[in-house]
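> Build me a model from this:
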Amino acid sequence: MAERALRAVVAAVGVVLLGCSDPAADGCPPPQAAPATQTALMPAGLSFAEVGTVTGVEKTQGHLTVRAVTSKPIDEVTVLIQDAVTAAGYRPAGMDNEGFEAEVFFTSGNYAAGQALVRRAACEGQWDVELVLIDPKAVPTPTATPAPRLTPAPTETPAPRPTGAGR
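So this is what the prediction gives:
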């Protein structure tokens, strides 16, 4: 009987060890894609198809937040995010990649328009991406600043000069 119990333990350990190569066995199922009603909130031209799986999109108070999960290397994913956001009409404004996390910054016109934060996910080999952008409709359009109105300086009235004898 002890031998049977030992075999059961060895078999269980073997199953656990074999399961380590399966992300689902590690408690890491494949990321679940956001519903179409959420992805429809993304601005025209913004696609994360090359970045990873979009897991959520939320629009609040003039901001758009896109959450995604990717298994691509961080150096590659930061460039792919920059390409995706540029295709949506934003301009790259810088990047900070520390290897364990990275930030990518964007502008729209003269405004800081958002950033993407890439961090290690709970699952080995995956990265969480959180992109926050100003809704393009919320960015003020530049208006012509009126030229300052110059009012002429008051004219000076010369002081009367004494006439005659004192000269």
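
> what residue ranges in the protein score low on pLDDT?
Applying pLDDT under 70 to the chain picks out residues 1-26, 136-167.

> need the longest strand for it.
With secondary structure taken from DSSP state E, the chain has its longest strand at strand 111-120.

> for that one, which positions count as buried?
By neighbour count on 16 or more other Cβ atoms under 10 Å, the buried set for strand 111-120 is 113-116, 118. The C-beta positions use only the backbone N, C-alpha and C, and glycine is treated the same way.

> This protein: helices as residue ranges?
For the chain, the helices defined by DSSP state H cover 2-19, 36-39, 74-87.

> May I see the buried residues of the last one?
In other words, helix 74-87. For helix 74-87, the neighbour count (16+ other Cβ under 10 Å) marks 74, 77-82, 84-85 as buried.

> Just put the residues you listed in a markdown table and tack on distance to residue 53.
As requested, the buried residues of helix 74-87 are exported to a markdown table (distance: Cβ to Cβ, whole Å):
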| residue | distance to residue 53 |
| --- | --- |
| 74 | 16 |
| 77 | 12 |
| 78 | 17 |
| 79 | 18 |
| 80 | 13 |
| 81 | 14 |
| 82 | 19 |
| 84 | 13 |
| 85 | 17 |
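
> now, which of these sits nearest residue 51?
Of all the buried residues of helix 74-87, residue 51 sits closest to residue 80, with 4.8 Å by Cβ to Cβ.

> which stretches of this protein form strands?
Secondary structure of the chain (DSSP E): strands at 53-60, 63-70, 91-97, 101-108, 111-120, 127-134.

> separation between residue 88 and residue 44?
7 Å (Cβ to Cβ, to the nearest Å).

> Can you tell me which of the buried residues of helix 74-87 is nearest residue 48?
Among those, residue 84 lies closest to residue 48 (Cβ to Cβ), at 5.9 Å.

> Next, the contact list for residue 74, please.
The contact partners of residue 74, by Cβ atoms under 8 Å, 6 or more residues apart in numbering, come to 97, 99, 101-102, 118, 127.

> ok, now with 7 Å
Applying Cβ atoms under 7 Å, 6 or more residues apart in numbering, we find residue 74 in contact with 97, 99, 102, 118, 127.

> quick one: residue 35 from residue 116, how far?
Computed as Cβ to Cβ, the residue 35 to residue 116 distance reads 22 Å.
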